[in-house]
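Asks: The sequence isn't on hand, but the structure is:
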C-alpha cells in the first residue's frame, strides 16, 4: 500500500472564516458572488450502498465533466453541489495552468490536468476525515475545509472535503476552497510536487482568489495585522493545528502576488513554479528579478506595509 501524502490543506481560521462565511463579528461580510453557470455537464447523482474509505453506510455519488464526488447519504446536497462547482473551479485552474503559450506544436505538456476527472470524497464529520487521512486523531481538522492527497510518487489522487466546515461557507467560499485544491491536483498531474510550501500554498490561493473581487484585507487580514515577516513562511507554519496558519497562508499569497505582478503572465508564473518544483527555487526567483530570497522578502514586506 502506498502511503498517502497530504499535499495541500486549506485552513479556515477566525479571520478567513469571517471572510468566507459571511459571519458576524469584526470581519467583513462577503457577497455570495456569481452562481455557477448552467452547463451540459450537470451532475447526476446515484445511490451507492457499498462501503467506501469514509464509511460503511449508504453513499451517494454525483459526477460532472471534471469531478466524481462521493459522500454519505446525509451529504447528498453537498455532493451534488460540489460536482457542479468543480466545473467552474476547474475552468479557473485551466486558465492559470493550461497549455503554456509558445509551446511547440504537438507538445502535450499540461494535457495531464485537462484529462483528469478529480475524485472528491466528502467526510460527514471530522472523525470520518481523520479515517480518510489514516490518522488516529482529529487535531486541527475542525478548521480544515479540504485536503488534497495522493501517493508521494504519483499525481494527486483525491480531494477530501470536511463536510461540516464546508457547510459553513458561502457559495464564494466553497468555490475558493475547491479551486485551491484543484490547483494542487493540476500541479501534481504535471509532476510538479517539489515546490516549497510557501509557493505551493501561495500559488493555489493566488489562482483561487484572483477573480473573486475580494480585497487584500479580506484575503490576508491575519497576515496584514501581524508583524512584518523576517522570512518566507516555513513548512511547519502551515500546520492546521497551529495558531499561525492563517498568517502563513496570507504571507504566502502576498509573496506569489508580488511574483505574479513582476512576471506579468500566467505562463511565466507557471514556469517559475515548475522551475522551483524541480529544485530551482533560487534560479526561479532570479528569473522574476529577485537576486536572493531576501530580496523577495523585502518586496513582500513593502507590499504588506502598504496594505495595512
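Replies: Sure thing, it's come through. The model shown is predicted, which means the values in this text are computed figures rather than measured ones.
Asks: Can you give me the neighbour number for the spatially closest residue to residue 244 that is not a sequence neighbour?
Replies: Of all residues not flanking residue 244 in the chain, residue 237 sits nearest, at 5.7 Å (C-beta to C-beta, 6 or more residues apart in numbering). In short, each C-beta sits where N, CA and C put it, glycine included. Using other C-beta atoms under 10 Å, residue 237 is surrounded by 20 other residues.
Asks: again, but for the one 4 residues further on
Replies: When neighbours are defined as other C-beta under 10 Å, residue 241 has 14 of them.
Asks: that older thread, who's in contact with the residue nearest to residue 244?
Replies: Listed by C-beta atoms under 8 Å, 6 or more residues apart in numbering, the contact partners of residue 237 are 197, 244-245, 247-248.
Asks: mind pulling up the phi and psi values for it?
Replies: phi -70, psi -20 (degrees, to the nearest 10).
Asks: ok, it to residue 89 distance?
Replies: Note on residue 237: its distance to residue 89, by C-beta to C-beta, to the nearest Å, is 26 Å.
Asks: Quick one: the helices in the stretch 1-150 of the chain, in order.
Replies: With helices called from DSSP state H, counting those that start in this stretch, the stretch 1-150 of the chain shows them at 14-21, 76-97, 111-114, 126-132.
Asks: could you dump those to TSV with distance to residue 218 and mean pLDDT?
Replies: Converted to TSV, the helices of the stretch 1-150 of the chain look like this (distance: least, C-beta to C-beta, whole Å; pLDDT from 0 to 100):
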stretch	distance to residue 218	mean pLDDT
helix 14-21	5	51
helix 76-97	18	95
helix 111-114	28	75
helix 126-132	26	94
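Asks: Minimum distance to residue 228: which of those has it?
Replies: The closest of these to residue 228 is helix 14-21. By C-beta to C-beta, the value is 17.4 Å.
Asks: What is the neighbour count of the residue lying closest to residue 71 once chain neighbours are set aside?
Replies: Excluding the flanking residues, the one nearest residue 71 by C-beta to C-beta, 6+ apart is residue 122, at 3.0 Å. Per other C-beta under 10 Å, the neighbour tally for residue 122 reads 27.
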